[in-house]
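In: When you get a sec, could you give me coordinates for this:
(2 chains, ligands or ions: 1)
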There are 2 protein chains.
Amino acid sequence: MNVNSMTSFNGTSSKNIHLEASHSSNKTHSNRSRLKPLTNVNRTKTKPHRVTNQDLLNPCRSPYVKTNGTTCGLKEIMIGRCQEYQYVKRGLFLTNQPYIKNCTQLYEAFESAVRYKSYCNMNMSTYERYFDLALDGVHVINRAMFWSGTYTIAHAYGANGRNYVTLEDTLAAAMVDGLIWCGKENDTEGFDFFSCPYICKDNKWADFAFWGLASKTFAQLASGEIYVILNGSQANHRSAFRNNSYFASFELPNLRQNGTYRVTKVNVLVLHSPDGTVVERCGEKSLFDLEELVRSQGFDYACEDDPEELILIMCSNKWEARECQIARQALRQTWDIKLYGKSNSNRNSLSLIVFSCLFFIQYYSLKIISGSM
Amino acid sequence: MNVNSMTSFNGTSSKNIHLEASHSSNKTHSNRSRLKPLTNVNRTKTKPHRVTNQDLLNPCRSPYVKTNGTTCGLKEIMIGRCQEYQYVKRGLFLTNQPYIKNCTQLYEAFESAVRYKSYCNMNMSTYERYFDLALDGVHVINRAMFWSGTYTIAHAYGANGRNYVTLEDTLAAAMVDGLIWCGKENDTEGFDFFSCPYICKDNKWADFAFWGLASKTFAQLASGEIYVILNGSQANHRSAFRNNSYFASFELPNLRQNGTYRVTKVNVLVLHSPDGTVVERCGEKSLFDLEELVRSQGFDYACEDDPEELILIMCSNKWEARECQIARQALRQTWDIKLYGKSNSNRNSLSLIVFSCLFFIQYYSLKIISGSM
Ligand SMILES: N=c1c2ncn3c2ncn1[C@@H]1O[C@H](COP(=O)(O)OP(=O)(O)OC[C@H]2O[C@@H]3[C@H](O)[C@@H]2O)[C@@H](O)[C@H]1O
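Out: Model (predicted):
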């Protein structure tokens, strides 16, 4: 295989180092969005290649075919992730779980819910035993983080459970995050490796069987203060808080209102992407509705637009954005002083001031011209 | 288990949202340093608990014990990661590998090199077959990234192969990254699950058997322009380029000097951590030596101190650092204009200018007082 660069192989050499992201990491959805209808999924499709008779039974046996159905190696991937979660990550930071869970048993609870079963017969209790086993005894205190339309940033900020714990940091979800699966009746394999249906006319619950229950269960485990990261710059002016989101449908209604492990406060963080439009801010439109809802459930509420640490993460993923340039410039100046001391620094701090002025003047003018003020 | 927050459970509620990283991600070593003598490894040790007779044979059978030896579940983790690499990550961005490799065969090549073998008999050819199979046909063109003392930042910047490809992004290394293993002669399991020796008096090569060969092989696959991220702020004033580093010992000497897949240019990026000292800059001390070495091998050379995109990543991992405050402030101002338009903005841009002045004045004074200029 060739792990090629986006730029072609270049025999000549230049004097300066050129760094360019070949991809900017702007993921707002998790890979599992594949499981939900009505979302746009950018998927790299590989053309099937030399399909033989044997492949027709199980395309995963072929060294070439890639399909849109169940992820090949589902079982091995799930069991491997389960072991890793417990023996590698656990020791690092995730939990102080007193005992190791049995990964084979967990996988079997999962498999017995789906294998040889028809996708459209699933419902919100299909995976109950799996979640009972996988999440047994877990509580996430003051660190649970929910997100909607902000997958990449929320996970970067959560730092795999070091700072905050998302659903995807729990064993139950970590085992399948980004994978695809669906059962198939009357089939030797019991899984459909060719394609998974995502819409069942007569049973809308089928689509929520796994992630709906996952979200619900996770919400029930959260206690104390919780964090919600919303996207105030959604494409097509979609609202930050949507009634049909997982967060609205399965998480908010399932937060615990009573008992030792009750939720006390909902902290909402609203992000506006660099160079993105500002669709909604704290207290506006859907965020106003959200506050009402939260308070009516008896929780305290706070909302903050763009905390600086999150802007830094957004800019570090998108450093070429216009709105990140002044910070970049400021960092350059600070590091130049750090590196070279006084020598360039008078010139530099002066130039930063001039630069700031010019930037802000230019920025206003643009805002005024574009009529967005 | 309780996934506790660092702060205690708090029944009362405050008006503002308080965000605090409970960990700052300052990892400078990969886990492979564990295989290397003379490095400090911070490992969370869990006390063994209720050791029974059966546990004495294999502590991984116990639901409680955690040891310092071979990672429990090594085989399942490796096979699971191999499948995931090929069926999940591959489709996303990593490779355009024309065919799927056999994960069981790969694991067996690995296992047969180590299981039932004594750790201190290993050498640089022990894992040859494993690397031959796992890296067969791979070339990394214009995107290979090496790192030394900068694990976290380099990997954040490389973005799992989306921007740059590190050794850990290749199948051979991804299968075992962060894992520990060592064989044991005359043992039913063939692995030592209690502890792994890291020093063999009579055979210094044992410690390099795996990661030494991995580094060497990766260096041989790199072509075109390559990138090296070094740490110019090492603790205890250690140099950025050290003779006994993996980079100096196994990578630099193995870069291809001829042929279609030769290396043309070495781009060195030297990082200085926020609030860290500046031990070395491009062209100084060990970095001067590095340039000589690189040029003597016939490659072009460039060196850059702290490219802005990397400073942004460093600051987003350590936003509380003094040297990140001005950028943070600048971002705050920019986002306030973005959010609220003209209203606060005159005051804001003025305050940014004042802030900048004060910051730089203060910064100099500190530098002068501390005598670092
Ligand atoms: N359980 C899921 C889930 N299952 C599938 N997906 C999920 N996303 C989030 N969650 C949970 O709901 C919340 C976000 O979902 P949503 O509000 O729909 O976000 P969005 O960002 O709008 O949705 C993310 C996408 O990811 C897929 C959906 O198909 C959805 O299309 C998260 O807190 C997470 O814990």
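
In: Name the SS class of the closest residue to A:Y261 other than its chain neighbours, please.
Out: Leaving aside its sequence neighbours, A:Y261 sits nearest to A:S223 (CB to CB, 6 or more residues apart in numbering or on different chains; 4.0 Å). For every residue, glycine as well, the C-beta is placed using N, CA and C. Counting by DSSP: H, G, I helix; E, B strand; the rest coil, the backbone at A:S223 sits in strand.

In: How about the contacts made by A:S223?
Out: For A:S223, the contacting residues are A:H139, A:V140, A:I141, A:N142, A:A144, A:R256, A:T260, A:Y261, A:R262, A:V263, A:T264, B:F9, by CB atoms under 8 Å, 6 or more residues apart in numbering or on different chains.

In: One more: A:N186?
Out: Contacts of A:N186 by CB under 8 Å, 6+ apart are A:Y116.

In: what about it, distance to A:C60?
Out: 19 Å (CB to CB, to the nearest Å).

In: before we move on, back to that, which strand residues sit across from the residue nearest to A:Y261 in the sheet?
Out: Per DSSP bridges, the residues bridged to A:S223 are A:I141.

In: Local confidence estimate at it?
Out: Listed pLDDT for A:S223 reads 95.

In: One more: A:R162?
Out: 86.

In: swap in A:I326?
Out: 87.

In: what's the helix or strand for it?
Out: Taking DSSP states H and E as the criterion, A:I326 maps to helix A:325-340.

In: So which other helices or strands are in contact with that helix?
Out: The helices and strands touching helix A:325-340, judged by 3 or more CB pairs under 8 Å, 6 or more residues apart in numbering or on different chains; DSSP states H and E, are helix A:308-317, helix A:342-369, helix B:308-317, helix B:325-340, helix B:342-369.

In: mind redoing it with 10 Å?
Out: helix A:308-317, helix A:342-369, strand B:300-305, helix B:308-317, helix B:325-340, helix B:342-369 (3 or more CB pairs under 10 Å, 6 or more residues apart in numbering or on different chains; DSSP states H and E).

In: phi, psi of the closest residue to A:F247 other than its chain neighbours?
Out: In space, A:F247 comes closest to A:S148 once its chain neighbours are excluded; the distance is 4.3 Å by CB to CB, 6+ apart. A:S148 has phi and psi values of phi -150, psi 110 when expressed as degrees, to the nearest 10.

In: how near is A:S148 to the ligand?
Out: 3 Å (CB to the nearest ligand atom, to the nearest Å).

In: which strands and helices sit next to the helix or strand encompassing A:Q83?
Out: Element membership for A:Q83 (DSSP H and E) is helix A:74-84. Under the contact definition 3+ CB pairs under 10 Å, 6+ apart, helix A:74-84 sits against helix A:103-114, helix A:171-174, helix B:74-84, helix B:103-114.

In: Which parts of the stretch 51-200 of chain A are strands?
Out: For the stretch 51-200 of chain A, applying DSSP state E, counting those that start in this stretch gives strands covering A:139-141, A:145-148.

In: partners of the last one in the sheet?
Out: Meaning strand A:145-148. Sheet pairing of strand A:145-148 (DSSP bridges) gives strand A:222-231 (parallel).

In: now check the strand it pairs with, is it near the ligand?
Out: No: shown here: strand A:222-231 not in contact with the ligand (CB under 6 Å from any ligand atom), separated by at least 7.5 Å.

In: List of residues touching the following helix or strand past that strand?
Out: Tracing the chain past strand A:222-231, the next element assigned as helix or strand by DSSP H and E is helix A:246. Residues from elsewhere that reach helix A:246 (CB atoms under 10 Å, 6 or more residues apart in numbering or on different chains): A:36, A:146-148, A:167, A:208, A:211-212, A:214-216, A:219, A:252.

In: run the last query once more with 8 Å
Out: Helix A:246 has contacts (CB under 8 Å, 6+ apart) with A:S148, A:W211, A:G212, A:S215.

In: Centre of the chain to that helix, how far?
Out: A distance of 13 Å separates the C-alpha centroid of helix A:246 from that of its chain, computed with CA atoms, centre = their mean, to the nearest Å.

In: low-confidence ranges in the stretch 151-300 of chain A?
Out: For the stretch 151-300 of chain A, applying pLDDT under 70 flags no range at all.

In: what does it put close to the ligand?
Out: Residues of the stretch 151-300 of chain A found near the ligand (CB under 6 Å from any ligand atom) are A:Y151, A:L167, A:W211, A:A214, A:S215, A:F218, A:S245, A:Y246, A:F247, A:E251.

In: again, only this time at 8 Å
Out: When proximity is defined as CB under 8 Å from any ligand atom, the stretch 151-300 of chain A approaches the ligand at A:151, A:154, A:166-168, A:173, A:210-212, A:214-215, A:218, A:228, A:231, A:242, A:244-251.

In: Just the buried residues from the residues you listed, in PyMOL please.
Out: Entered in PyMOL, the line below selects the buried ones among those, by 16 or more other CB atoms under 10 Å in any protein chain shown:
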select buried, chain A and resi 151+154+166+167+168+173+210+211+212+214+215+218+228+231+242+245+246+247+248+249+250+251
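
In: Pick out the shakiest of the strands of the stretch 51-200 of chain A, pLDDT-wise.
Out: Lowest mean pLDDT of the strands of the stretch 51-200 of chain A: strand A:139-141, a mean of 90.

In: Indicate whether that strand makes contact with the ligand.
Out: No: using CB under 8 Å from any ligand atom, strand A:139-141 never reaches the ligand; the gap is at least 11.5 Å.

In: what helices or strands is that strand leaning on?
Out: Using 3+ CB pairs under 8 Å, 6+ apart: strand A:139-141 touches helix A:209-221, strand A:222-231, strand B:2-3.

In: Now it: buried residues?
Out: By 16+ other CB under 10 Å, the buried positions in strand A:139-141 come out as A:H139, A:V140, A:I141.

In: and if you look at stretch A:104-123?
Out: By neighbour count on 16+ other CB under 10 Å, the buried set for stretch A:104-123 is A:106-111, A:113-115, A:117-120, A:122-123.

In: re the thing from before, in CSV: the helices and strands packed on helix A:74-84, plus distance to B:H237.
Out: Listed next are those as CSV, based on distance: least, CB to CB, whole Å:
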stretch, distance to B:H237
helix A:103-114, 46
helix A:171-174, 40
helix B:74-84, 38
helix B:103-114, 37
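
In: Of all the strands of the stretch 51-200 of chain A, which one comes closest to B:A302?
Out: strand A:145-148 (39.5 Å; CB to CB).

In: The closest one: how far from the chain's middle?
Out: 8 Å.

In: now swap in stretch A:215-227 and tell me
Out: 16 Å.

In: Check stretch A:235-252 too.
Out: Using CA atoms, centre = their mean, the distance from the centre of stretch A:235-252 to the centre of the chain it belongs to is 14 Å.

In: same check, this time on stretch A:246-265
Out: Distance, stretch centre to chain centre, for stretch A:246-265: 20 Å (CA atoms, centre = their mean).

In: just stretch A:101-108 next, same as before
Out: Centroid displacement of stretch A:101-108 relative to its chain, using CA atoms, centre = their mean, is 25 Å.

In: With stretch A:304-319 instead?
Out: Put simply, stretch A:304-319 sits 16 Å off its chain's centre (CA atoms, centre = their mean).

In: can you list the domains in chain A?
Out: Listed domain ranges for chain A are A:55-318, A:319-365 (source: automatic domain parsing).

In: quick one on the thing from earlier: out of the helices and strands packed on strand A:139-141, nearest to B:R281?
Out: strand A:222-231 (38.0 Å).

In: report the angle between the axes of the closest one and strand A:300-305?
Out: 30 degrees (axes from the mean of the first three to the mean of the last three CA atoms, to 10 degrees).

In: Send me strand A:222-231 as CSV with only the CA atoms.
Out: The C-alpha trace of strand A:222-231 is given here as CSV (Å, rounded to 0.1, in the frame of the first residue of the first chain):
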residue,chain,number,x,y,z
ALA,A,222,-25.0,11.2,35.4
SER,A,223,-25.1,13.1,38.7
GLY,A,224,-24.1,16.4,40.2
GLU,A,225,-23.2,19.0,37.6
ILE,A,226,-23.4,18.0,34.0
TYR,A,227,-22.1,19.6,30.9
VAL,A,228,-23.7,19.9,27.5
ILE,A,229,-21.8,21.2,24.4
LEU,A,230,-24.1,22.5,21.7
ASN,A,231,-23.4,23.9,18.3
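
In: That'll do, ta.
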